[in-house]
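> Model the following, please.
(2 chains)
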Amino acid sequence: MSWEVVFFALIVLAGTAGELCVTRAMKTIGEVTEFHPGAIFRTILRALRVGWMWIGVALMAVAFFALLGALSIENVSFVVPVTALSYVAGTLGGKFFLGERVTGKRWAGVLLVCAGVTLVILGRR
Amino acid sequence: MKSSAGLHLKTYVLIFLMVIFGPLGNVLLGKGMKQIGPATSFAPADLFHVFVSIFTTGAIWLGIGSLITFFVAYMLVLSWADYSYVQPASSFSYVIVALLAHFLLREDVTPLRWIGVSVICLGVLVVGQTPPRTTEHKQ
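Here you go, the predicted structure:
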């Protein structure tokens, strides 16, 4: 029980924090408008010069190994739905960390995700 | 502007790849980790043993390959399609994960879990229908 909680917390929190850091890094670079291989390579090089990118990638690696840890003790059909809590963490992070405006509709979606995850947790044997 | 028929076909093919390879990747990781067994000891020697097992298990590599395929398809489709269009479409991956887990890994998916997964899909669908950019664009 306790290990699962640690793994799930890491998947959701480190994964979301990682994505937020990567988003912040990409926003400092600016919109990518060219997609030929050379331009993508230059974009990656520029991204690697942003500190947030490294923090983001490290956090996402932590989330990946936590996912493997969770999958070693629980079924995929349980683990993956519970990780949908990332939408909740992502919405909260977007609002408080990136200053995004969150609409009522989005909060409604987040509540539905929470309800679904609760049902998945209740539906385990 | 490109011809819309070709663009639509390209978009559907890539979303199809996302919805198949994302869940398949997770299911393969699950299969691999089940072979390795519970990874809940963090003593350095055990941790080393687990890392070696992870990176020598075929199913894990297939899973990583599937997830990379998913990620490339995701990045490519996002280069022309709106995030608010792609993200709701990808919400179906939660149902696909449950289906693959049931049929490939013979996992016992309870009725309440199916309902929960459907509600999550609905929630992700609603989350994805909100505006993709609400912050000011800095010049």
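> got any ranges where chain B has weak pLDDT?
Low-confidence segments of chain B (pLDDT under 70): B:1-3, B:84, B:130-139.
> Pick out the residue closest to the middle of it.
Geometric centre of chain B, nearest residue: B:Gly22, 3.0 Å, by C-alpha atoms, centre = their mean.
> show me the contacts for that one.
B:66-67, B:70, B:90, B:93, B:96 (C-beta atoms under 8 Å, 6 or more residues apart in numbering or on different chains). Any C-beta I mention is one placed from the backbone N, CA and C, and that applies to glycine too.
> Okay, buried residues for the lengthiest helix in chain B please.
When chain B is parsed with DSSP state H, its longest helix is helix B:4-36. For helix B:4-36, a neighbour-count test (16 or more other C-beta atoms under 10 Å in any protein chain shown) marks B:11, B:14-15, B:17-34, B:36 as buried.
> relative to helix B:4-36, how tilted is the helix or strand just after that helix?
On the C-terminal side of helix B:4-36, the closest following helix or strand by DSSP states H and E is helix B:44-54. Using axes from the mean of the first three to the mean of the last three C-alpha atoms, to 10 degrees, the direction of helix B:44-54 lies 130 degrees away from that of helix B:4-36.
> Can you give the contact residues for stretch B:109-128?
A:77-78, A:81, A:84, A:87, A:91, A:105-106, A:108-125, B:83-84, B:87-88, B:90-92, B:94-95, B:97-98, B:101-102.
> In ChimeraX, how would I select the buried members of the contacts of B:Gly22?
For the buried members of the contacts of B:Gly22, the matching ChimeraX selection, counting by 16+ other C-beta under 10 Å, is:
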select /B:66,67,70,90,93,96
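> Okay, and which of the contacts of B:Gly22 map to helices?
Using DSSP H, the subset of the contacts of B:Gly22 located in helices is B:66-67, B:70, B:90, B:93, B:96.
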